[in-house]
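K.L.:
Let's see this in three dimensions:
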Amino acid sequence: MTPEFASETLKSMIFLAITIAAPFLLAAMLIGLGVGLFQAVTSIHEQTLTFVPKALGVCALLVLLMPWIMRKLIEFGSALFDRIPQMVGG
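P.N.:
Numbers count the residues shown, from 1 in each chain. Reported below is the predicted structural model:
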């Protein structure tokens, strides 16, 4: 395996991880922003008010995006298995 091949594989793995994580991080950020704005307007500072909506939103998004996530992971895995002869053969 050449260093270029290894760095290309690592780059694609990191890009896939960022692609999969981005919707969840964005949803948690937007929900947190909305809850923070609600707390600032109403002066309600309950700890569970910040956690529960984020957890519910991320869980709902996970259920909605699970087919897409699995498709991306299977595509990446099969592409990686297809490149095994290049890894071993040098």
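K.L.:
Nearest residue to the middle of this protein?
P.N.:
Ala21 (1.3 Å; C-alpha atoms, centre = their mean).
K.L.:
Check the offset of the helix or strand it falls within from the chain's centre.
P.N.:
When elements are defined using DSSP states H and E, Ala21 is found to belong to helix 3-42. For helix 3-42, the separation from the chain centroid amounts to 6 Å (computed by C-alpha atoms, centre = their mean, to the nearest Å).
K.L.:
And for stretch 44-57?
P.N.:
Here stretch 44-57 shows a centroid-to-chain-centroid distance of 21 Å under the convention C-alpha atoms, centre = their mean.
K.L.:
list the buried ones in it?
P.N.:
Along stretch 44-57, the positions that meet the burial threshold by neighbour count (16 or more other C-beta atoms under 10 Å) are Thr50, Pro53, Lys54, Gly57. No exception for glycine: its C-beta is placed from N, CA and C like everyone else's.
K.L.:
Grab the nearest non-local neighbour of the last one.
P.N.:
Excluding its sequence neighbours, the residue lying closest to Gly57 (C-beta to C-beta, 6 or more residues apart in numbering) is Ile31, at 4.7 Å.
K.L.:
And the pLDDT for the one you found?
P.N.:
Ile31 is assigned a pLDDT of 95 by the prediction.
K.L.:
pLDDT-wise, which helix or strand of the chain ranks last?
P.N.:
Within the chain, judged by mean pLDDT, DSSP states H and E, the helix or strand with the poorest mean is helix 84-89; its value is a mean of 81.
K.L.:
Next, count neighbours for Val35.
P.N.:
19 (other C-beta atoms under 10 Å).
K.L.:
Right, I'll leave it there.
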